[in-house]
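Participant: give me a 3D structure for the following:
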Amino acid sequence: MSELADKAKDYINEKRDNDQEATQEDWLDRVKSNVSDAWEDIKDKADDAWEKTKDAAEDVKAEWRKKTN
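Facilitator: Here you go, the predicted model:
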């Protein structure tokens, strides 16, 4: 949580440096967007891991069939 607080401070400073108003709504929209992007990255990595695992499982099945036939 302290990382998020630091990012909030950076957001406020950025807005102040650009002579803009920092609002909670804008901040929450930014956080929401970052979480959404992070979720997409996690989902993509999970899909890749699943596909790699699935391919490895199929390879093991194929090897087992060769040995048992």
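Participant: for residue 31, see how far away residue 25 is.
Facilitator: Residue 25 sits 11 Å away from residue 31, taking C-beta to C-beta, to the nearest Å as the criterion. Quick note: C-beta positions are derived from backbone N, CA and C, even for glycine.
Participant: what is the mean pLDDT for the helix ranked longest in the chain?
Facilitator: Scanning the chain for the longest helix, with DSSP state H as the assignment, gives helix 24-68. The average of the pLDDT scores along helix 24-68 is 89.
Participant: quick one on the thing from earlier: and residue 25 and residue 31? Which one has more around it.
Facilitator: It is residue 31, of residue 25 and residue 31, that has more neighbours when counted by other C-beta atoms under 10 Å, with 14 against 7.
Participant: the closest residue to that one other than its chain neighbours: which element?
Facilitator: Spatially, and ignoring its direct neighbours in sequence, residue 31 is nearest to residue 4 (7.4 Å; C-beta to C-beta, 6 or more residues apart in numbering). Element membership for residue 4 (DSSP states H and E) is helix 2-17.
Participant: output that helix in CSV with nothing but the alpha carbons.
Facilitator: Extracted C-alpha coordinates of helix 2-17, given in CSV (Å, rounded to 0.1, in the frame of the first residue of the first chain):
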residue,chain,number,x,y,z
SER,A,2,2.8,2.4,0.6
GLU,A,3,3.8,2.0,-3.0
LEU,A,4,0.4,3.1,-4.0
ALA,A,5,0.6,6.1,-1.7
ASP,A,6,3.9,7.0,-3.3
LYS,A,7,2.3,6.8,-6.7
ALA,A,8,-0.6,9.0,-5.5
LYS,A,9,1.9,11.6,-4.3
ASP,A,10,3.7,11.5,-7.7
TYR,A,11,0.3,11.9,-9.4
ILE,A,12,-0.5,15.0,-7.3
ASN,A,13,3.0,16.5,-7.9
GLU,A,14,2.7,15.8,-11.7
LYS,A,15,-0.7,17.6,-11.8
ARG,A,16,0.7,20.5,-9.7
ASP,A,17,3.7,20.8,-12.0
